[in-house]
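K.L.:
missing the sequence, but the structure's below:
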């Protein structure tokens with residue numbers, strides 16, 4: 001296989017990943033693996049009116065940073081064989097088709113394992129490859145719904161759960177779950193040489209995200225609902241408050257010492273002892289709300305955020321993108337694409353990901369099909385035949 005160029009060696013350098021997805025949890029997974037140093041090859045359909053899949057905007061998923069791309073018609077025997085040849089030299093395959101599709105195409109786990117016994121093969125789906133919901137279509141909101149996340153979120157005025165502000169199921173419950181499972185499988189393979197099959201169900205990942213409240217219910221310790229404990233809004237010390245300019249602050253002063261500091265700073269120190277008094281939470285909430293309305297959000301943030309009060313400003317997305325504290329940690333980077341003007345993007349921000357020392361190059365239009373097939377042992381004449389026949393692009 002041809003390795004993708006990276007700005008610096010990462011802990012997954014030398015690992016090659018074939019990614020059959022375009023969006024969603026699987027693409028979140030391979031984005032993580034690429035930023036940890038893996039060489040990710042995106043395998044897409046040959047362009048045409050019948051090509052399946054969704055094309056994300058060019059800037060999405062870090063604009064393909066650290067990845068290569070080829071197009072195969074997997075419905076044709078020659079395309080299937082080309083994929084299996086590529087998989088023979090890969091370490092990981094990630095797919096996100098509906099359950100059973102890869103097996104029908106002849107590129108499922110058993111077919112790949114026959115060629116490459118050490119392969120780590122990952123199938124991502126909403127509800128798993130088997131079970132009562134396996135055939136259900138779905139997206140992020142559906143997985144959050146069945147896993148209890150939406151029901152535990154403070155409802156809107158008409159009782160409906162609000163829409164989450166991020167694709168939590170795709171990114172955390174799905175993508176991070178898959179990437180973690182891949183890393184664990186690679187460690188196991190390194191010890192014993194065995195590959196494995198990973199059935200990554202996003203809904204299962206939501207259960208893990210909801211583990212605190214689910215374990216409370218399962219243990220018979222109570223039935224969690226919005227507002228049932230400190231983390232879900234029962235007490236005034238944990239919530240959001242409007243400031244004088246209409247923007248908001250987040251207060252998470254769970255420990256008494258932090259709440260006492262907050263009350264003193266707000267001029268209502270006499271209320272510190274009532275932090276968990278069940279009989280006066282509405283009154284206490286009104287006291288805090290009135291106090292925060294006296295000054296703009298950023299004034300409060302400047303005074304309180306660094307003063308052991310567990311207060312932070314609620315930043316809008318455009319404010320996050322311009323935030324100096326994140327920038328100082330190297331959270332943003334300039335990306336350069338051959339066919340477009342440079343633009344900013346999120347850098348590899350998670351622990352252990354190598355940070356680029358300067359601007360990063362991201363791929364432009366087109367594919368790396370010829371180079372990738374050549375590296376898999378295809379002579380130029382055979383590559384030309386496949387291109388002419390529309391099997392690859």
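P.N.:
Perfect, thanks for sending it. Note that the coordinates shown come from a computational prediction; the quantities given were computed from them, not determined experimentally. Numbering: from 1, shown residues only.
K.L.:
Of all residues in the protein, which one is nearest the centre?
P.N.:
Computing the C-alpha centroid of the chain and ranking residues by Cα atoms, centre = their mean puts residue 171 first, at 2.2 Å.
K.L.:
Residue 24 versus residue 311, what's the distance?
P.N.:
With distances taken as Cβ to Cβ, to the nearest Å, residue 311 is found 35 Å from residue 24. All C-beta atoms are positioned from the backbone trio N, CA, C, and that covers glycine.
K.L.:
Who are the contact partners of the closest residue to residue 84 other than its chain neighbours?
P.N.:
For residue 84, the nearest residue in space outside its immediate sequence neighbours is residue 115; the separation is 5.5 Å by Cβ to Cβ, 6 or more residues apart in numbering. Contact criterion Cβ atoms under 8 Å, 6 or more residues apart in numbering gives 84, 87, 88 as the residues in contact with residue 115.
K.L.:
where does the helix or strand the first one falls within sit relative to the chain's centre, distance-wise?
P.N.:
With elements taken from DSSP states H and E, the one containing residue 84 is helix 77-88. Between the mean C-alpha point of helix 77-88 and the mean C-alpha point of its chain there is a distance of 29 Å (Cα atoms, centre = their mean, to the nearest Å).
K.L.:
Which SSE is immediately downstream of that helix?
P.N.:
Counting by DSSP H and E, the element that comes right after helix 77-88 along the chain is strand 92-95.
K.L.:
Which residue ranges of the stretch 201-350 of the chain form helices?
P.N.:
Under the criterion DSSP state H, counting those that start in this stretch, the stretch 201-350 of the chain contains helices at 202-209, 211-218, 256-266, 281-292, 297-304, 317-321, 324-328.
K.L.:
JSON lines please, covering those and showing distance to residue 184.
P.N.:
Putting the helices of the stretch 201-350 of the chain into JSON lines (distance: least, Cβ to Cβ, whole Å) gives the following:
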{"stretch": "helix 202-209", "distance to residue 184": "14"}
{"stretch": "helix 211-218", "distance to residue 184": "18"}
{"stretch": "helix 256-266", "distance to residue 184": "36"}
{"stretch": "helix 281-292", "distance to residue 184": "43"}
{"stretch": "helix 297-304", "distance to residue 184": "40"}
{"stretch": "helix 317-321", "distance to residue 184": "31"}
{"stretch": "helix 324-328", "distance to residue 184": "30"}
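K.L.:
Out of the ones you listed, which one sits most buried?
P.N.:
Each of those was scored by mean neighbour count; the highest is helix 202-209, a mean of 22, by mean count of other Cβ atoms under 10 Å.
K.L.:
The helix holding residue 84 packs against which elements?
P.N.:
Under the contact criterion of 3 or more Cβ pairs under 8 Å, 6 or more residues apart in numbering; DSSP states H and E, the helices and strands touching helix 77-88 comprise strand 16-19, strand 39-44, helix 109-115, helix 369-375, helix 380-389.
K.L.:
what's the average pLDDT for it?
P.N.:
Averaging the model's pLDDT scores along helix 77-88 yields 98.
K.L.:
so it versus helix 380-389, what angle?
P.N.:
With axes from the mean of the first three to the mean of the last three Cα atoms, to 10 degrees as the basis, helix 77-88 and helix 380-389 are set at 130 degrees to each other.
K.L.:
Which residues does helix 77-88 contact?
P.N.:
Counting by Cβ under 8 Å, 6+ apart, the neighbours of helix 77-88 from elsewhere in the structure are 1, 18, 41, 43, 46, 72-74, 93, 105-107, 111-112, 115-116, 119, 372-373, 376-378, 386, 389, 391-392.
K.L.:
Could you report the pLDDT at residue 339?
P.N.:
Confidence at residue 339, expressed as pLDDT, is 89.
K.L.:
Next up, the contacts around the residue of the chain positioned farthest from its centre.
P.N.:
Among the C-alpha atoms of the chain, the one farthest from their average position, using Cα atoms, centre = their mean, is that of residue 270, at 43.6 Å. In this structure, residue 270 makes contact with residue 263, judged by Cβ under 8 Å, 6+ apart.
K.L.:
rerun that using 6 Å as the cut-off
P.N.:
The neighbourhood of residue 270, defined by Cβ atoms under 6 Å, 6 or more residues apart in numbering, contains no residues.
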